[in-house]
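Asker: Quick one, fold the following:
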Amino acid sequence: MRQLLLLRHAKSSWDDPALDDFDRPLAQRGLKAARLIGRELAARDWLPDQVLVSSALRTRDTWRLVAAELPMHPRVAFVDALYDASAADILSQIHKAEPSSACLAVVGHNPGLEDLAKQLAGSGSETKARKRLEEKFPTAALARFVFDGDWSGLSSGRLTHCLRPKDLS
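Answerer: All right, here's what the predicted structure looks like:
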């Protein structure tokens, strides 16, 4: 059984309108939410052994704060192709995951990440998780999927959880 964790970056700051979108940092609310999600991953023992992170500043900072709460240090790749990526582009990156990885985390952006989560939520998905995903996939939201098979063949999985920071604090 493999686990896929789709994590939207935490809330970013719009304080400096001169900054390029790619270079926006996290807002104070985002700093808190990223740490909260990291603690939740550790508490639930949902520990990725491989992580793909968009190379934008807010996704890198989100992962840095999440990772600081984890008891281990997974393999991390910062992937330019995940910035502003469509669901199909994100899935293409997932298909390239290391075959030995049992748990893969992807830290990215909407709308692509949310679209992919909805696309992957197959039969047997938890009703409560699916409802939360359909309602909203806000910043720092995490969708957890489990599935059998290889990363290269992933087309759907069982959505087990959709966690939002407001539900955890």
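Asker: List of residues touching stretch 17-26?
Answerer: Contact partners of stretch 17-26, identified using C-beta atoms under 8 Å, 6 or more residues apart in numbering, comprise 9-14, 16, 34, 55-58, 61-62, 65, 83. Using the backbone N, CA and C atoms, a C-beta is placed for each residue, glycine as well.
Asker: Buried by neighbour count, from those: which ones?
Answerer: 9-12, 34, 56-58, 61-62, 65, 83 (16 or more other C-beta atoms under 10 Å).
Asker: Output the lowest mean pLDDT helix or strand found in the chain.
Answerer: Lowest by mean pLDDT, DSSP states H and E among the helices and strands of the chain is helix 165-168, with a mean of 91.
Asker: Which other helices and strands does that one contact?
Answerer: Under the contact definition 3 or more C-beta pairs under 8 Å, 6 or more residues apart in numbering; DSSP states H and E, helix 165-168 sits against helix 28-44.
Asker: I'd like the mean pLDDT over the helix it packs on, please.
Answerer: Mean pLDDT, helix 28-44: 97.
Asker: immediately after that helix, which helix or strand?
Answerer: Once the chain leaves helix 28-44, the next helix or strand it forms, by DSSP states H and E, is strand 50-54.
Asker: outside of that following strand, which residues touch it?
Answerer: Here strand 50-54 has contacts from 9, 59-60, 63, 67, 74-80, 82-83, 85, 93-94, 97-98, 101, 103-109, using C-beta under 8 Å, 6+ apart.
Asker: Report the two of the buried ones among the contacts of stretch 17-26 separated the most.
Answerer: The distance between the two most remote of the buried ones among the contacts of stretch 17-26 (C-beta to C-beta) is 18.7 Å, for 65 and 83.
Asker: so where do the helices sit in the protein?
Answerer: Per DSSP state H, the chain carries helices over the ranges 28-44, 57-67, 87-95, 112-120, 127-135, 165-168.
Asker: Save those helices as JSON lines, and put in distance to residue 3 too.
Answerer: As requested, the helices of the chain are arranged in JSON lines below (distance: least, C-beta to C-beta, whole Å):
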{"stretch": "helix 28-44", "distance to residue 3": "10"}
{"stretch": "helix 57-67", "distance to residue 3": "15"}
{"stretch": "helix 87-95", "distance to residue 3": "12"}
{"stretch": "helix 112-120", "distance to residue 3": "12"}
{"stretch": "helix 127-135", "distance to residue 3": "14"}
{"stretch": "helix 165-168", "distance to residue 3": "19"}
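Asker: Would you tell me which one of those helices is buried the most?
Answerer: Highest mean neighbour count among the helices of the chain (mean count of other C-beta atoms under 10 Å): helix 57-67, with a mean of 23.
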